[in-house]
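Q: sequence plus predicted model, see below.
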Amino acid sequence: MSKPKIGFYWCASCGGCEESVVDLAEDVLVVTGAVDIVFWPCAMDFKKKDVEAMADKSIVATLLNGAIRSTEQEEMAHLLRRKSQVLIAYGSCAHTGGIPGLANQFNREQIMKYVYEDAPTMVNEQKTYPLPVSQDGGREMKLPVLHNIVRALDQVVDVDYYIPGCPPSSKLLKEAVLALLSGKLPPKGSVLAPDNAVCQECTRNDTKPQDISLTEFKRPHQIIADPEKCLLAQGLPCMGPATRGGCEAVCIKGNMPCTGCYGPVSHVQDHGAKILSYLASTAAGKEEKEISKTLGGIPDPVGTFYRYGLAKCMLRGKVSSHE
Amino acid sequence: MPDPATATVGGFEPRIVAFFCNWCTYTAADLAGVSRMKYAPNIRVIRLMCSGRLDPQFVMAAFAGGADGVLIGGCHPGDCHYVEGNYKALRRVRLLERMLGDLGIEKDRFRLEWISASEGDRVKAVVNEMVEKVRALGPLDMPGKHLEWDKEMEELEAHVNNAQQEVPAR
């Protein structure tokens, strides 16, 4: 009997998700022993035409990481959707837009101009830009183009499951693959991670006070944090209370606050708004002045609350920049 | 300025979602009603038990769903029926308005007001003023904008499916 076919693909991502597959260590042998990897451009030599030649739905599951930023990525998402029985959005970028989603605060023209003209490291006196279509020796050459906005995978194609995280923990990946192989999958649309807040998994949860009232928000480089005590109680904006667990609070174990990469729990629709809600209510004071001073300790609300999820913010990005 | 209560028909009519607390501002709106005060018909009032119940997600959902403005009404500081709820609202609103500004939503589209149960005339004044300001800004129309943004996605799915017909499956 042939082994189930699995594909991996990357779109707008950093490679960290591929790393998390390698992080399976010896368990990678369990996975590769149980499945046939039929497509994984990062690690093995496959071409797009190999995928095109496969029968529809012949791949049991494709784990696609990265946001959809360009027409090439969009095309691959459609192609892999067509060839796969189960399509899994793997990692923050595919799940909620991830770090690339922060680009939704600017439009394509602003980004291109910065990268090709204004960046301090750029010298481009002739203002050379990549051409979507160009001619070379009578041949027409085409390049993919950037979309105006960054999208999470499910804003482009139908997605069956999500594995969150930047990157997802190897444990979640292993559990997902085992669930796939055994056919014991939860309902379509599920996030394959526990549906509880990071705090519930945090070893410092017992030190979290009932009421937190902060007169100042601090940034991680400004204090040497007590390694035993709740970081929020020490004034560090930690996204743990409004973020899905499954990571076993690994950042907090490293004495750094949670930045929210696992996205929201299932009953929250807008992750950033929910983080804002709880974090603002921890600010002390009843006077406008006092409150503004405390909240001034969060200089960049969009980048803090939607660090991994601006594409899935209900507004999807900065309103005026995509006109 | 034309009287907002009898503003022109046709043209842009702002849609403003108003979250009013049960104990003060909603009661004030009721008072405005029974006192037969006329004010702009552009607000859709949603009653919350307390302005502290206002989840910022409600505001995001209102804007994303097509609201041109969001108005929040609560009890004056010190008067909250639940003692502290309006202070929680104040903190959330101050951070939220900064974030909405960063996301390109104009300042006049989002407003917090303390209006006590006896201030029916204040409901009238605040609503009329906000409607005029939002009218001047024009429609926000997030649903329309999202449709517009997604127009760049119309071609490729068909392209992939067409390419498939040329490559016979193994």
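A: Noted; the coordinates are in hand.

Q: how about the closest residue to residue B:99 other than its chain neighbours, phi and psi?
A: Of all residues not flanking residue B:99 in the chain, residue A:301 sits nearest, at 3.9 Å (CB to CB, 6 or more residues apart in numbering or on different chains). C-beta coordinates here come from the backbone N, C-alpha and C atoms, glycine included. Main-chain dihedrals, residue A:301, degrees, to the nearest 10: phi -60, psi -40.

Q: pretty sure residue A:301 is touching residue B:95, no?
A: Yes: Residue A:301 lies in contact with residue B:95 (CB atoms under 8 Å); the separation is 6.2 Å.

Q: where does chain A dip in pLDDT?
A: Applying pLDDT under 70 to chain A flags the ranges A:1, A:321-323.

Q: domain assignment for it?
A: A:5-99+A:149-182, A:107-147, A:198-322 (automatic domain parsing).

Q: just the strands in the chain please.
A: Looking at chain A here, since you left the chain open. Here chain A has its strands, by DSSP state E, at A:5-10, A:36-39, A:59-65, A:68-70, A:84-90, A:133-136, A:139-142, A:146-151, A:161-163.

Q: think we crossed wires, I meant chain B
A: For chain B, strands defined by DSSP E occupy the ranges B:16-21, B:43-48, B:69-74, B:110-114.

Q: in JSON lines: those strands, plus mean pLDDT.
A: Converted to JSON lines, the strands of chain B look like this (pLDDT from 0 to 100):
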{"stretch": "strand B:16-21", "mean pLDDT": "98"}
{"stretch": "strand B:43-48", "mean pLDDT": "98"}
{"stretch": "strand B:69-74", "mean pLDDT": "98"}
{"stretch": "strand B:110-114", "mean pLDDT": "98"}
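
Q: got TSV for the ones you listed, with distance to chain A and mean neighbour count too?
A: Shown next, in TSV, are those (distance: least, CB to the nearest CB, whole Å; neighbours: other CB atoms under 10 Å in any protein chain shown):
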stretch	distance to chain A	mean neighbour count
strand B:16-21	13	24
strand B:43-48	14	17
strand B:69-74	12	28
strand B:110-114	11	21
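
Q: write out the residues of the stretch 51-200 of chain A neighbouring chain B.
A: Listed as neighbours of chain B in the stretch 51-200 of chain A under the rule CB under 8 Å from any CB of the partner chain: A:52-56, A:71, A:74-75, A:78-79, A:82, A:105, A:147-149, A:156.

Q: identify the residue spatially nearest to residue A:286, adjacent ones excluded.
A: Closest residue in space to residue A:286, ignoring its immediate chain neighbours: residue B:87 at 5.1 Å, by CB to CB, 6+ apart.

Q: any idea how far that neighbour lies from residue A:280?
A: Going from residue B:87 to residue A:280 by CB to CB, to the nearest Å gives 11 Å.

Q: check residue A:34 too.
A: To residue A:280, residue A:34 is 47 Å away according to CB to CB.

Q: the two: which is more packed in?
A: Between residue A:34 and residue A:280, residue A:280 has the larger neighbour count (other CB atoms under 10 Å in any protein chain shown), namely 24 against 14.
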